[in-house]
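*Asks:* after the sequence you'll find the predicted model.
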Amino acid sequence: MPFHVTKFKVELKLAINRLRLLQAKKSSLNLKARREIAPLLETGKIESATVRVENIIREDLNVEALEMVELYCELLTARVGLVDQSRTVDPGVSEAVYSVIYASSRIDVRELTMLREMLTAKYGKELVLEAMDNSTGLVNAKLVRKLSVNTPPDSLIKMYLTEIASFYHVRWRPDGEEDEDAAPGGSDNDTPSGGLKEPASVIPVAPSESEPAAKPAAVDEGSGNELGSDKDEALPSVPLAKPAAATTATAIAAADELETEGPAPATEPPILLPRATAPSKAPATQPAANKARASPQQSSDGGIPSLEDLQRRFEALKRA
């Protein structure tokens with residue numbers, strides 16, 4: 001197939017889209033395979049889980065390889081001018097060209113095969129054979145490792161199994177490793193407090209000079225019993241008052257005053273007289289005078305008022 005720049009760019013874009021679809025598909029299948037491994041670990045089928053994990057590891061490496069090839073295709077798209085202007089491989093695109101040719105024979109993508117044929121027409125079959133065998137070592141070393149078919153190491157397999165068990169909450173650990181959820185020291189105590197740490201013993205400390213001395217325990221006056229320390233800690237420290245005694249004393253004093261003074265006699269209404277020493281209250285004597293005029297018809301015993309009362313009222317009227 002002859003080399004054409006326009007068609008080469010189209011094939012690069014198609015390859016990028018196909019590689020992205022493959023990455024999404026393989027990632028989805030790997031996620032489903034991880035869910036299937038969790039029941040195997042829970043039921044103790046370790047060998048079956050190990051075989052499936054090897055396949056998952058291989059597919060994960062393939063997904064990473066597809067991502068690297070995608071980046072190389074994007075690089076060739078951006079530097080397609082370097083590919084078109086020279087009959088030899090430019091150093092700026094040499095790694096990308098060799099890596100894409102190397103991956104085309106190991107990844108089942110039709111667009112990569114088309115790119116390899118176009119690069120063969122551009123640079124010759126010898127360069128393509130060197131790239132496929134990586135005899136010159138220009139292919140990316142990481143890409144070579146990810147596309148290799150070697151068996152993954154046991155440490156990587158154990159790590160995958162441990163992560164799957166942890167993610168799906170399966171109580172499983174590799175041989176020779178203790179379960180993190182198990183009680184240390186092999187304790188057989190199944191009570192909820194078996195794994196709790198005992199509180200440290202409290203050592204009493206003498207109060208310093210800057211700290212106030214502790215108040216003595218309060219005493220209930222009604223019962224004479226000392227209140228417990230638990231009540232002191234649960235309730236705020238409020239000074240004890242004697243509201244009942246104070247109220248009783250006040251009531252007795254008020255009763256004594258009432259008995260001493262006594263109520264005003266109901267048969268004789270009070271007579272308001274003006275005070276000689278308080279001239280400022282002179283206007284208040286007018287109602288008293290009017291009341292004095294109207295009161296001759298009444299007396300303390302229901303008869304005519306006495307002469308002394310009349311003289312006293314008359315003198316009060318003269319002063320007013």
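*Replies:* Now that the structure is in, tell me what you want to look at. Numbers count the residues shown, from 1 in each chain.
*Asks:* residues in contact with residue 143?
*Replies:* Residues near residue 143 by Cβ atoms under 8 Å, 6 or more residues apart in numbering: 65, 68-69, 99, 102-103. Glycine gets a C-beta too; all of them are placed from N, C-alpha and C.
*Asks:* residue 70 in helix, strand or coil?
*Replies:* Reduced to three states with DSSP: H, G, I helix; E, B strand; the rest coil, the structure at residue 70 is helix.
*Asks:* just the pLDDT at it, thanks.
*Replies:* Residue 70 is assigned 96 on the pLDDT scale.
*Asks:* my guess is it contacts residue 21, does it?
*Replies:* No. Using Cβ atoms under 8 Å, residue 70 is not in contact with residue 21, being 10.7 Å away.
*Asks:* who's more crowded, the two?
*Replies:* Neighbour comparison, residue 70 and residue 21: the larger count goes to residue 70, with 18 against 11 (by other Cβ atoms under 10 Å).
*Asks:* state the distance from that one to residue 126.
*Replies:* Going from residue 70 to residue 126 by Cβ to Cβ, to the nearest Å gives 27 Å.
*Asks:* backbone phi and psi for residue 61, please?
*Replies:* Per-residue torsions, residue 61: phi -60, psi -40 (degrees, to the nearest 10).
*Asks:* ok, it - contacts?
*Replies:* 145-147.
*Asks:* in helices, which of those appear?
*Replies:* Taking DSSP state H, the ones among the contacts of residue 61 that sit in helices are 145-146.
*Asks:* quick one: buried ones out of the contacts of residue 61?
*Replies:* Buried members of the contacts of residue 61, scored by 16 or more other Cβ atoms under 10 Å, are 146-147.
*Asks:* so where does residue 53 fall, helix or strand?
*Replies:* Assessed by DSSP states H and E, residue 53 sits inside helix 46-78.
*Asks:* helices or strands up against the helix or strand just after that helix?
*Replies:* Next in sequence after helix 46-78, counting helices and strands by DSSP H and E, comes helix 80-84. For helix 80-84, the elements it packs on are helix 5-43, judged by 3 or more Cβ pairs under 8 Å, 6 or more residues apart in numbering; DSSP states H and E.
*Asks:* which positions within the helix it packs on qualify as buried?
*Replies:* Buried residues in helix 5-43, counted by 16+ other Cβ under 10 Å: 8, 11-12, 14-16, 18-19, 22-23, 30, 34, 37-38, 40-41.
*Asks:* state the mean pLDDT of that helix.
*Replies:* Averaged across helix 5-43, the pLDDT comes to 93.
*Asks:* swap in stretch 123-131?
*Replies:* Across stretch 123-131, pLDDT averages out at 92.
*Asks:* give me the residues contacting it.
*Replies:* 87-89, 97-98, 101-102, 116, 119-120, 136, 138-139.
*Asks:* could you tell me which of these count as buried?
*Replies:* Among those, the ones that count as buried by 16+ other Cβ under 10 Å are 89, 97-98, 101-102, 116, 119-120, 138-139.
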